[in-house]
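1. just a sequence and a predicted model for now, questions to come.
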Amino acid sequence: LDKDTLIQSVVKTGRAVVVHEAHRTGGWGAEIASMITEEAFKYLDAPVGRLGAKACPLPFNPTLEAAVVPSVEEIIKAVKATLYREG
């Protein structure tokens, strides 16, 4: 994990959105969001956005898995929410 690059990005943009395919709670994304908050809080213009898999068991079927992990549309929505822009 290149922590310095993450912090530099937050300093530059004032924002961060962490997206991963694991569950949102208790995963790597939560740890990264926590690290950003702890080390770059004074540079954040908005809360760190987090987007992970839906709260259900991860299926093995590729079609069902696609319905559980974050989609492109959900990622765009999360980024716009962090920028305080709707839809």
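-> Structure's in. What do you need?
2. which strand is the longest one in the protein?
-> The strand spanning the most residues in the chain, taking DSSP state E as the definition, is strand 17-23.
3. who are the packing partners of it?
-> Applying 3 or more CB pairs under 8 Å, 6 or more residues apart in numbering; DSSP states H and E, one finds that strand 17-23 makes contact with helix 28-40, strand 49-53, helix 72-82. C-beta here means a position set from N, CA and C on the backbone, and glycine is covered the same way.
4. highest mean neighbour count out of those?
-> When neighbours are counted by mean count of other CB atoms under 10 Å, the highest per-stretch mean among those falls to strand 49-53, a mean of 20.
5. and stretch 43-52, average pLDDT?
-> Per-residue pLDDT over stretch 43-52 has a mean of 95.
6. ugh, wrong one, stretch 14-27
-> Regarding stretch 14-27, the rounded mean pLDDT is 92.
7. list the buried residues in it.
-> Buried residues in stretch 14-27, counting neighbours by 16 or more other CB atoms under 10 Å, are found at Arg15, Ala16, Val17, Val18, Val19, His20, His23, Arg24, Gly27.
8. likewise for stretch 3-14?
-> Of all the residues in stretch 3-14, those buried under the rule 16+ other CB under 10 Å are Leu6, Ile7, Ser9, Val10.
9. so the first one makes contact with Ile36?
-> This points to Leu6. Yes: taking contact to mean CB atoms under 8 Å, the distance of 6.2 Å between Leu6 and Ile36 places them in contact.
10. shared neighbours, these two?
-> Ala16 (CB atoms under 8 Å, 6 or more residues apart in numbering).
11. Gly14 is in contact with Val48, isn't it?
-> No: with the criterion set as CB under 8 Å, Gly14 and Val48 do not qualify as a contacting pair; they are 11.1 Å apart.
12. from Ala67, how far out is the residue lying farthest from the centre of the chain?
-> In the chain, the greatest distance from the average C-alpha position (CA atoms, centre = their mean) is reached by Asn61, at 24.1 Å. As for Asn61, its distance to Ala67 is 9 Å (criterion: CB to CB, to the nearest Å).
13. understood, closing this out.
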